[in-house]
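**Student:** coordinates only, sequence not included:
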């Protein structure tokens with residue numbers, strides 16, 4: 001798991017200095033839409049879109065595929081003699097994936113930082129509206145991720161993974177609530193040994209706010 005960054009104030013766009021501009025970071029996401037689009041928008045909002053490269057995995061959505069894609073991108077940059085990434089984040093949903101342990105081990109071996117959400121990215125969005133602690137599990141033919149989206153739709157009517165741009169402005173003012181809720185839940189889970197529900201996305205975004213200078 002990523003190390004907890006230093007606290008920051010309300011999330012806001014800020015100017016970068018020369019040291020910040022030299023920081024090159026890769027973020028590889030399992031999904032093509034919701035989480036990936038959200039992080040791209042956040043990087044742009046924080047004026048990091050030229051130094052924090054957010055991409056969806058081109059080799060599949062399984063966690064192991066996300067790590068393999070990050071390795072592939074690094075190898076390609078080396079081959080093309082481009083500037084190398086100083087930090088690499090692998091972002092995925094836990095949901096019902098079966099390659100989690102292998103993915104974590106491979107990420108650790110390559111010194112990548114893992115950012116997980118359980119069951120899915122939408123739980124991070126849910127925390128912008130409500131502090132939810134009950135496990136989110138499969139019900140009949142609905143996966144844990146499906147159930148999480150169902151909960152989110154209580155607050156974002158008609159939520160659509162492909163329309164994150166339409167929700168981003170509404171979500172920004174609620175960032176502090178989501179961040180505090182994610183941190184509080186993380187502490188509670190440590191005492192219960194549970195991992196559902198949970199998200200590390202607050203840690204990644206705080207790192208983005210700090211331009212990864214505390215990593």
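**Tutor:** Nice, thanks for sending it over. This is a predicted model, so every value here is computed, not measured.

**Student:** what residue ranges in this structure are flagged as low confidence?
**Tutor:** With pLDDT under 70 as the threshold, the chain has low-confidence stretches at 1-22, 215.

**Student:** show me the contacts for residue 179.
**Tutor:** 202, 205, 206 (CB atoms under 8 Å, 6 or more residues apart in numbering). Bear in mind the C-beta positions are built from the backbone N, C-alpha and C, glycine included.

**Student:** mind redoing it with 7 Å?
**Tutor:** Residues near residue 179 by CB atoms under 7 Å, 6 or more residues apart in numbering: 202, 206.

**Student:** and it, that's in a helix?
**Tutor:** Yes. According to DSSP: H, G, I helix; E, B strand; the rest coil, the state of residue 179 is that of a helix.

**Student:** next one: it from residue 206, what distance?
**Tutor:** Per CB to CB, to the nearest Å, residue 179 is found 7 Å from residue 206.

**Student:** one more: residue 62?
**Tutor:** 27 Å.

**Student:** out of those two, which sits in the busier spot?
**Tutor:** With neighbours defined as other CB atoms under 10 Å, residue 62 and residue 206 compare such that residue 206 has more, 22 against 18.

**Student:** other SSEs contacting the strand or helix carrying that one?
**Tutor:** For residue 206, the host element (DSSP states H and E) is helix 201-209. In terms of contacts (3 or more CB pairs under 7 Å, 6 or more residues apart in numbering; DSSP states H and E), helix 201-209 is packed against helix 34-45, strand 113-118, helix 175-192.

**Student:** just put the ones you listed in a markdown table and tack on distance to residue 71.
**Tutor:** As requested, these are exported to a markdown table (distance: least, CB to CB, whole Å):
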| stretch | distance to residue 71 |
| --- | --- |
| helix 34-45 | 18 |
| strand 113-118 | 14 |
| helix 175-192 | 28 |
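
**Student:** contacts only, for residue 173.
**Tutor:** Residue 173 neighbours (CB under 7 Å, 6+ apart): none.

**Student:** report the secondary structure state of it.
**Tutor:** Strictly by three-state DSSP, residue 173 counts as helix.

**Student:** how close does it get to residue 207?
**Tutor:** In terms of CB to CB, residue 173 sits 21 Å off from residue 207.

**Student:** and the helix holding residue 206, how far from the chain's centre?
**Tutor:** Relative to its parent chain, helix 201-209 has a centroid offset of 8 Å by CA atoms, centre = their mean, to the nearest Å.
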